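**Q** Generate a structure from the sequence data that follows.
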Amino acid sequence: MKEKIDLKIRKNRKQSLAKGTFILTFSIFLVKVLGMMFRVFVTGMIGPVGATCFTVAYEIYNPLFALSTAGFPVAVARLVSKNIALGRYKDVKRIYRVSVPMFFYTGFIGMILMILASFFVPDLMKIPDAKYAIIALSPTLLFACLMSIYRGYHQGLRNVIPTAVSEIIEASCKFFIGFLVSFFIIDFSKKEFLQKGTFFGLSCSSLQEVMKRVIPLASSGAIFGVTFGAMLGFLYLYFTHKKIGDGFTKENLLTSPEPESKKNTVKSLFKTAIPIGAGSIFFNIASFIDVTLILERIRYVMLLDPETLLSQYKNIIPSSDLDNIHGFLLGCFSFTTPLVMMIPAITQGLGTVSLPAVTRAFTKKDSEKLKKSVESVIKMMLLFTVPAGIFVSVLGPNLLMLIYPHRPEAVFVASKVIPLLGFAVIFQACSLPVTSMLQAVGRVDLPLKIVSLGLILKIIVNYIFVGIPRINIGGAGLGTLAGYLFILAVSLFMLLKKNHIKLDFSKTFFMPVMVSSLFGISLVIFKFVFVNVFNNFFTVIFSLILSLALYFILLICLKIILPEEIKKIPFLGNLFLKFFNKKKD
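**A** Predicted coordinates for the structure are as follows:
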């Protein structure tokens, strides 16, 4: 009886590409909704300057996290998947045992480096108030590295549930704990000033001065929720792994060849991880340089031609922020993040789920299965990214007004750049699964080279256009578009060329893009009919639902999504099939 139960558990742990994508997509969607709520409530409290402190903290955290993990989560997932395909189960267990101490020590060192960086990097970026946020975020590095072990390991086993649940735990704590701590700091400071005329015992002349001093502390309070969530996420993964293990039977282990030595296992991990990690490290360093240069270029514009710059934001920029206009505009730009970054976050999940399937087809030299896997991933990413990007471009400004009703100055600036970012994010989101598939077929070196060139192009375009007074912060959108268009085009070309794959162009590209374009046209029509007349939450959602209904009907009627693909959708697949079969009858 116990063996039957164990067998059922093992079967349930593995998910198909469709099911795994659905689970991870649903969790990422939930995480991003919580992230959006965090942005709405917390950014609404701390404002653009506080949001810049938040951004600077993450610009230091991201390269250090990339340096600490150095591509090992993806390497673990790929090597676990590869060894399972070859029946080398003992090697899979050895990979886990080798990874634990490596991730712990690198995470701990990364945390110490981040604390040290907080004492000088904010001054270099001319945002000294970001120091507290950086220190509050530093323990997250250790917990994030430890979580990477279990996420990579179970993704290699084709079980994305631990990853999905841990991400939801992280996001929930980030929102609830972060919001409460930030709110308490601001509320406590206001009450102290009104009662005693002081701020943490220091004399203040006005409430405006108190708010200027408390914003950096409130920003770090919000980040405390991130750190607390990372700790709980790690504890969940640790105890879940203890409970469910990897699902290998005694027979699996008895028939498995003897594992590689620890030395060879470490060597394989490094050989796979270094090119991936180098790309991730370069990406985050480039992002840090990019943000630094954007801040410097806006300061340069303010010195060169302040009249042109300020004329575009008449009565928008508070007089108290004129000496920090670079931080103010970058903070306003970051208000687009919740809407824009939800799209690549979900396609990154698609890349994560597809990696084991593509790796196994490549390892077994099954060219037909490899072709089908690549076609499936490309079609799925286009069916999601193109309409999602169009939605952000068309209704993004309206959503910003609804999400941040108490921050009209930030909405005014962000609304100018979000239409362009909506189109740019299509290429950004599509590039993630494609580079993931390149790694899956053994070309872990190519994403590093391609992404490096694309990010250099992004920095150059940003540097040129942000420095033009009439464009200023809007130039950041142009850089994103140029950089990721290059990355996607070259990555896709190399993936197909190196593996001699000839895709069905009509089924994989033309039809998904055509139907997505019809979705965009319907969205524009509904915007003019409903949203521009009654600009409220319900008309935006109503326009989206009508456009999505038309979109899904076209997908099924034109057979872009086949019945067998619909059936694979967990929980809803059979329901959809019954509904459309009834309509046909």
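**Q** Is the closest residue to Thr43 other than its chain neighbours within a helix or a strand, and which one?
**A** Once flanking residues are discounted, Thr43 sits nearest to Ala51: 5.1 Å by CB to CB, 6 or more residues apart in numbering. No exception for glycine: its C-beta is placed from N, CA and C like everyone else's. Using DSSP states H and E, the element containing Ala51 is helix 44-69.
**Q** Give the other helices and strands that that helix contacts.
**A** Secondary-structure packing of helix 44-69 (3 or more CB pairs under 8 Å, 6 or more residues apart in numbering; DSSP states H and E): helix 89-117, helix 121-124, helix 131-156, helix 161-196, helix 207-244, helix 262-304, helix 325-333, helix 408-440.
**Q** Go through these and name the closest to Leu382.
**A** With CB to CB, the closest approach to Leu382 among these belongs to helix 408-440: 7.1 Å.
**Q** Now do the closest one against helix 44-69, angle only.
**A** Angle, helix 408-440 to helix 44-69, by axes from the mean of the first three to the mean of the last three CA atoms, to 10 degrees: 20 degrees.
**Q** got the buried residues for helix 408-440?
**A** By neighbour count with 16 or more other CB atoms under 10 Å, helix 408-440 contains the buried residues 409-440.
**Q** okay, the helices and strands packed on helix 44-69 in a markdown table with distance to Thr359 and mean pLDDT next?
**A** A markdown table is the format used below for these (distance: least, CB to CB, whole Å; pLDDT from 0 to 100):
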| stretch | distance to Thr359 | mean pLDDT |
| --- | --- | --- |
| helix 89-117 | 13 | 86 |
| helix 121-124 | 38 | 82 |
| helix 131-156 | 9 | 85 |
| helix 161-196 | 17 | 85 |
| helix 207-244 | 22 | 86 |
| helix 262-304 | 11 | 79 |
| helix 325-333 | 37 | 79 |
| helix 408-440 | 4 | 86 |
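**Q** contacting residues around Ala388?
**A** By CB atoms under 8 Å, 6 or more residues apart in numbering, the contact list for Ala388 reads Met342, Ile343, Val425, Ile426, Ala429.
**Q** Next, count neighbours for the residue nearest to Thr43.
**A** The local packing of Ala51 (other CB atoms under 10 Å) involves 28 other residues.
**Q** how about the nearest residue to Gly442, chain neighbours excluded?
**A** Sequence neighbours aside, Phe362 is the residue nearest to Gly442 in space, at 6.7 Å (criterion: CB to CB, 6+ apart).
**Q** avg pLDDT for stretch 490-509?
**A** For stretch 490-509, the mean pLDDT works out to 85.
**Q** What is the burial count for Thr347?
**A** By the criterion of other CB under 10 Å, Thr347 has 29 neighbours.
**Q** And Leu402, by the same measure?
**A** For Leu402, the neighbour count with other CB under 10 Å is 16.
**Q** Just put the helices and strands packed on helix 44-69 in CSV and tack on distance to Ala549.
**A** Converted to CSV, the helices and strands packed on helix 44-69 look like this (distance: least, CB to CB, whole Å):
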stretch, distance to Ala549
helix 89-117, 45
helix 121-124, 49
helix 131-156, 34
helix 161-196, 27
helix 207-244, 36
helix 262-304, 38
helix 325-333, 33
helix 408-440, 21
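**Q** Out of those, which is closest to Tyr313?
**A** helix 408-440 (6.9 Å).
**Q** State the next helix or strand along the chain beyond the closest one.
**A** Next element after helix 408-440 (DSSP H and E): helix 445-466.
**Q** List the buried residues for that next one?
**A** Within helix 445-466, the residues that count as buried by 16+ other CB under 10 Å are 446-452, 454-455, 457-459, 461-463, 465-466.
**Q** Same check on stretch 525-541?
**A** Across stretch 525-541, burial judged by 16+ other CB under 10 Å covers Phe526, Lys527, Phe530, Val531, Thr539, Val540.
**Q** just stretch 264-277 next, same as before
**A** Thr265, Val266, Ser268, Leu269, Thr272, Ala273, Ile274, Pro275, Ile276, Gly277.
**Q** Tell me where the stretch 451-585 of the chain has helices.
**A** Ranges of helices in the stretch 451-585 of the chain, per DSSP state H, counting those that start in this stretch, are 475-498, 505, 511-526, 537-557, 563-567, 573-584.
**Q** Spit out the contact partners of the residue nearest to Thr43.
**A** By CB under 8 Å, 6+ apart, the contact list for Ala51 reads Thr43, Ser219, Gly331, Ser334, Phe335.
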